[in-house]
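> Using only what follows, build the 3D model:
(chains A and B, ligands or ions: 3)
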Amino acid sequence: MLNRRGKALWSRIIQLLILLWSVSTVLFLLLRLSGDPALILAGEGATPEIIEAIRIANGFDKPLITQYFVFIRDVINLDFGNSLVNSQPALSFVLQYLPSTLKLTFLAIVFNTIVAIPAGIWLGAKPNQRKRRVLSTIVSVAQGTPSYVIGLVLIQIFAVWLGWLPSIANTGPGAWILPTATLAFALAPNLIRVLAANVEDTTRQDYYRTAKANGANPTELLIKHSLPNALLSATSLLGAQFAFLLSGALITEFIFAWPGLGLILVQSITNLDFPTVQATVFVVACLVFFVNLVMDQVFRLADPRLRKSQL
Amino acid sequence: MINAVEVKNLKVSFPTPAGYSAVVRGINLTIKAGERVAIVGESGSGKTMLGLSMLGIQPTSAKVEGEVLINGVDMVSAPDSVARKLRGKDISMVFQEPLTSLNPVRTVSSQLSESVTRHTNLNKKDAAAKVLEVLTAVGIPSPAERLKAYPHQLSGGLRQRVMIALALINNPQLVVADEPTTALDATIQAQILDLLRSGMGDASLMLITHDLAVAADVCNRIVVMYAGNIVEQGPVAEILSTPKHPYTRGLLAAIPRFDPARPALNPIPGSPPQITEIVSGCRFASRCNYADHVCQAAEPAFENNVACFHPVIGATR
Ligand SMILES: Nc1ncnc2c1ncn2[C@@H]1O[C@H](COP(=O)(O)OP(=O)(O)O)[C@@H](O)[C@H]1O
Ligand code: SF4
Ligand SMILES: [Mg+2]
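Ligands and ions are numbered 1, 2, ... in the order given. I've put the predicted structure just below:
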């Protein structure tokens, strides 16, 4: 018998496999059914000889079902073929850009946390009502704004009008600020609201009343009693945000021409570079999977209620 | 002998659409050093609000008037910065639900030592020794092993012992215990009642309970509350043998062991007035067998330890 955690892990792995399989199959069909694949791969102006050579090299002359099995076998062997644009093996080409995307994601998480944790705590600890309403409104508006709008607004203000910050490419720390801020803006409102609600909720708990009954002052109540509980309840959101962040990072990369997985994905789709598209989707899906897995473990260790059983 | 607490004309009210409405309606109560006093009454009679407001930790919407004097400090009018110096030190409270009343993500020792270091100058090492000492005193087996435990890792009975340890750790002069055994199994209940009866050191006890049998088991004196008022009070033996207020008699009749002739529980029919209900006359009149026109006309004053126009004279059958 598997325990609950074992089961949860297996169901996650199965989800990942189904996702990878269906994405691969869709890409396989898209290439084959949208016309002559050899023609698409050869590009404009190719001679019939070249097209025929491509057809044979890729096995497009074989029956569809045979092609499919060969294709799936290659995917299982992590062989996605060569990029149609630069002829590098697609997977290793994509992996070169992984660190850059991770850097952006990591910076955004840090930035998000630095902004959202104090703001959420402050909002939840009931400052005077008007300030509270002002921040709540800002948070609601920010939450409803798509990240690309925020990105474009930030570029307009800081890069175009003020000229303070570069708006494209990874040209040094200055260039990190706008993409990171864009991503953090997309995440922070949610975290702020959840934290504020959590902090407020702790003040209604029995242990909060016990702490009061033992003479805790407002600062002690907040730091020693509200926060450990409020932050712990917010960690599951942080985990979900990391996964969301990756997809947000892809869009943001495109807006800021940041050389990462997102840019590669958009370019390869535009170029009909199917092997690269597939390798990118594969890498992103695995990344989300592992991030979720690691987050789960980290939070499990942080929460004593999940860590130990009855003494 | 000094008093542990003097409560003078204490009123606790909540806002309602029709203005403030009192759930504690002018309580006078003095608890002497070393005394164990039970506050008995049905659910909703204002016992918890009385206890919370004595510490000054009532819900924020509540309005509190009157005086609660502890060591010369009036907990009602003192600023919070003064009142909180007494909480957990001179007066402390044990709650009904030990699981939710302890912080779930902090260890037993950290919650106990927090209260010690807050109210004393003890260093970390001495505070740790104090924690171990009080855990031993409240009867926690192998206390050293329990220090690093989280509340969810302890049984209900041990958790309530930890709560009592927390209440006792700074040697307060008064511990308010609000239904401390209601959430526990019967056997564990008896053990905790033993602890409250004989393990409280020099602290006086104010035991809040809806159960007259529990009150009689643990305390020296019983105070009966009904709908926000004290309606009768006296030494345990007197309350049990010669209760004067019809409500007290009703409570007694509801306990099988005090009336063997009536084995089944006999709760008092009807229910107390709602918080918003305006009652002229005695608040118990609608449920009282002895009520007459006098009772409808005015509210009985508390005299000779009872608030009733027609106190019953003589022993229960
Ligand atoms: N936060 C609150 N707001 C309004 N009314 C309350 C609140 N808390 C308690 N009450 C009312 O106060 C009355 C007394 O409650 P309580 O002191 O808890 O009674 P007991 O402890 O004797 O059961 C009840 O009628 C209850 O409905
Ligand atoms: S005053 Fe009247 S109604 Fe009230 S308890 Fe006494 S006899 Fe009953
Ligand atoms: Mg109560």
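
> rest of the way, CA atoms for contacts and neighbours
Will do.

> these two touch, right, B:Ala183 and B:Thr100?
No. Contact between B:Ala183 and B:Thr100 fails when scored by Cα atoms under 8 Å: they sit 11.3 Å apart.

> For the stretch 151-300 of chain A, which residues score under the pLDDT cut-off?
For the stretch 151-300 of chain A, applying pLDDT under 70 flags the ranges A:167-171.

> ok, the residue of the stretch 201-311 of chain A found nearest ligand 1 - how many residues close by?
Taking Cα to the nearest ligand atom, ligand 1 has its nearest neighbour within the stretch 201-311 of chain A at A:Arg204, 10.8 Å off. If you count neighbours by other Cα atoms under 10 Å in any protein chain shown, A:Arg204 ends up with 12.

> That one in helix, strand or coil?
Secondary structure assignment for A:Arg204 (DSSP: H, G, I helix; E, B strand; the rest coil): coil.

> ok, it to A:Val298 distance?
Using Cα to Cα, to the nearest Å, A:Arg204 is found at 28 Å from A:Val298.

> Equivalent analysis for A:Leu287, please.
As judged by Cα to Cα, A:Leu287 and A:Val298 stand 16 Å apart.

> Please, where are all the helices along chain B?
Taking DSSP state H to define them, one finds helices in chain B at B:47-55, B:80-86, B:98-101, B:108-119, B:124-137, B:143-146, B:156-168, B:186-198, B:212-218, B:236-241, B:246-253, B:293-297.

> possible to save those as JSON lines with mean pLDDT and distance to ligand 1?
Formatted as JSON lines, those follow (pLDDT from 0 to 100; distance: least, Cα to the nearest ligand atom, whole Å):
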{"stretch": "helix B:47-55", "mean pLDDT": "98", "distance to ligand 1": "4"}
{"stretch": "helix B:80-86", "mean pLDDT": "96", "distance to ligand 1": "19"}
{"stretch": "helix B:98-101", "mean pLDDT": "94", "distance to ligand 1": "16"}
{"stretch": "helix B:108-119", "mean pLDDT": "96", "distance to ligand 1": "26"}
{"stretch": "helix B:124-137", "mean pLDDT": "95", "distance to ligand 1": "28"}
{"stretch": "helix B:143-146", "mean pLDDT": "93", "distance to ligand 1": "31"}
{"stretch": "helix B:156-168", "mean pLDDT": "96", "distance to ligand 1": "18"}
{"stretch": "helix B:186-198", "mean pLDDT": "94", "distance to ligand 1": "19"}
{"stretch": "helix B:212-218", "mean pLDDT": "94", "distance to ligand 1": "13"}
{"stretch": "helix B:236-241", "mean pLDDT": "94", "distance to ligand 1": "19"}
{"stretch": "helix B:246-253", "mean pLDDT": "92", "distance to ligand 1": "14"}
{"stretch": "helix B:293-297", "mean pLDDT": "93", "distance to ligand 1": "22"}
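
> Could you list every helix and strand in contact with the helix or strand hosting A:Asp74?
Assigned by DSSP states H and E, A:Asp74 belongs to helix A:64-76. Using 3 or more Cα pairs under 8 Å, 6 or more residues apart in numbering or on different chains; DSSP states H and E as the contact test, the elements touching helix A:64-76 are helix A:4-33.

> May I see the buried residues of the helix it packs on?
Going by neighbour count (16 or more other Cα atoms under 10 Å in any protein chain shown), the buried part of helix A:4-33 is A:Leu16, A:Leu19, A:Leu20, A:Ser24, A:Phe28, A:Leu31, A:Arg32.

> Contacts only, for the fourth one.
When the contact criterion is Cα atoms under 8 Å, 6 or more residues apart in numbering or on different chains, the partners of A:Ser24 are A:Ile72, A:Gln278.

> Quick one, grab the pLDDT at it.
What the model reports as pLDDT for A:Ser24 is 84.

> Using TSV, lay out the helices of chain B together with mean neighbour count.
Below are these laid out as TSV (neighbours: other Cα atoms under 10 Å in any protein chain shown):
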stretch	mean neighbour count
helix B:47-55	23
helix B:80-86	17
helix B:98-101	22
helix B:108-119	21
helix B:124-137	18
helix B:143-146	16
helix B:156-168	26
helix B:186-198	16
helix B:212-218	19
helix B:236-241	18
helix B:246-253	21
helix B:293-297	14
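
> B:Asp178 is nearest to which of those helices?
Across the helices of chain B, B:Asp178 has its closest neighbour in helix B:47-55 (6.6 Å, Cα to Cα).

> CA atoms only for the closest one - export them in CSV, please.
Coordinates of each C-alpha in helix B:47-55 appear next as CSV, following Å, rounded to 0.1, in the frame of the first residue of the first chain:
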residue,chain,number,x,y,z
LYS,B,47,-19.9,33.7,32.5
THR,B,48,-17.2,33.9,29.7
MET,B,49,-17.7,37.6,29.2
LEU,B,50,-17.3,38.1,32.9
GLY,B,51,-14.0,36.2,32.9
LEU,B,52,-12.7,37.8,29.7
SER,B,53,-13.5,41.3,30.9
MET,B,54,-11.8,40.7,34.2
LEU,B,55,-8.6,40.3,32.2
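
> what comes into contact with it?
A:213, B:7, B:12, B:23-24, B:39-41, B:58, B:64, B:68, B:75-76, B:83, B:87, B:91-92, B:176, B:178, B:208, B:225, B:228.

> So among these, which ones count as buried?
In the contacts of helix B:47-55, burial by neighbour count holds for A:213, B:7, B:12, B:23-24, B:39-41, B:58, B:64, B:68, B:75-76, B:83, B:87, B:91-92, B:176, B:178, B:208, B:225, B:228, counting by 16+ other Cα under 10 Å.
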